[in-house]
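Trainee: with the sequence up front, the predicted model follows.
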Amino acid sequence: MSLSEIKASVDDRMKKSIEALVTSLSKIRTGRATPGILDHVSVEYYGSDVPLSQVANITVADARTLSVQVWEKHMAPIVDKAIRDSDLGLNPILMGENIRVPMPALTEERRRDLTRLVRAEGEDSKVAVRNLRRDANESSKRLLKDKEISEDEDRRFQDDIQRLTDKFVAEIDKLIAEKEAEVMTV
């Protein structure tokens, strides 16, 4: 494997770490209603668990309310129960085929807990990015040891990987700061 292939692989994997962070941050509830909050809720549908989005349409009714419209009438109570049983602390209201999901206001203490959770998710992503940097540097050292590259090439490569790592860590910090601001906004 050449240095350019290693760098391209590391860049791609670091981007996937950012995507994973964005996905996990979208599941953290803020005071506002967003359909992404219900993304990880699963519903039993004819014997198998499927994501809620495959059996219902989720829309934002207003700033603090989600509207879930099931496509099959008999699924409404099952969807209602799935939302109730999720770890989100939501209390849906069943209205025929429609389910209204009001978002309760967050207390100051809960906001601080969510901020800690956001920071923990960010730290996990930073660790993943740093591990990718370490793996790339080890691959470079192996190539140097096998005399496939020079010491200068190894040094330049490590500098490139460090710049790439710094770029992704800065992006993670930006995402964390945005989510913290969103959580702390009353």
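Mentor: Perfect, thanks for sending it.
Trainee: show me where the protein has helices.
Mentor: Using DSSP state H, the helices found in the chain span residues 3-26, 76-85, 108-145, 151-184.
Trainee: ok, which of the ones you listed comes nearest Pro102?
Mentor: For the helices of the chain, proximity to Pro102 was assessed by CB to CB; helix 76-85 is nearest, at 11.3 Å. Heads up, the C-betas are built off the backbone N, CA and C, glycines and all.
Trainee: domains for this protein, by residue range?
Mentor: Domains of the chain are assigned by the TED database as 3-28+107-184, 41-102.
Trainee: how far does stretch 37-51 stretch from one end to the other?
Mentor: 12 Å (CA to CA, to the nearest Å).
Trainee: ugh, wrong one, I meant stretch 83-92
Mentor: Stretch 83-92: ends 7 Å apart by CA to CA.
Trainee: can you pull out the low-pLDDT segments for this structure?
Mentor: Counting by pLDDT under 70, the chain shows low-confidence ranges at 29, 31, 186.
Trainee: farthest out from the centre of it, which residue is that? Tell me.
Mentor: Lys147 (40.8 Å; CA atoms, centre = their mean).
Trainee: any idea how far Asp154 is from that one?
Mentor: Distance from Lys147 to Asp154, counting by CB to CB, to the nearest Å: 11 Å.
Trainee: that older thread, got CSV for the domains of the chain, with distance to Pro35 too?
Mentor: Putting the domains of the chain into CSV (distance: least, CB to CB, whole Å) gives the following:
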stretch, distance to Pro35
domain 3-28+107-184, 10
domain 41-102, 4
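Trainee: identify the residues contacting stretch 169-177?
Mentor: Under the contact criterion CB atoms under 8 Å, 6 or more residues apart in numbering, stretch 169-177 has outside partners Ile18, Leu21, Val22, Leu25, Val118, Arg119, Glu121, Gly122, Ser125, Lys126, Val129, Arg130.
Trainee: try 10 Å this time
Mentor: 14-15, 17-18, 21-22, 25, 115, 118-126, 128-130, 133 (CB atoms under 10 Å, 6 or more residues apart in numbering).
Trainee: go on, stretch 72-89?
Mentor: 27, 29, 37-38, 40-45, 49, 52, 55-56, 58, 66, 68-70, 90-99, 101, 103-104, 106, 110.
Trainee: again with stretch 40-55
Mentor: With CB under 10 Å, 6+ apart, stretch 40-55 has contacts from 23-24, 26-27, 35-36, 38-39, 56, 58, 68, 70-72, 75-76, 78-83, 85-88, 90.
Trainee: over to stretch 9-23?
Mentor: Against stretch 9-23 from outside (CB under 10 Å, 6+ apart): 1, 36, 39-40, 118, 121-122, 124-129, 131-133, 135-137, 139, 160-161, 164-165, 167-169, 171-172, 175-176, 179.
Trainee: cutoff 8 Å now
Mentor: 121-122, 125, 128-129, 132-133, 135-136, 161, 164-165, 168, 171-172, 175.
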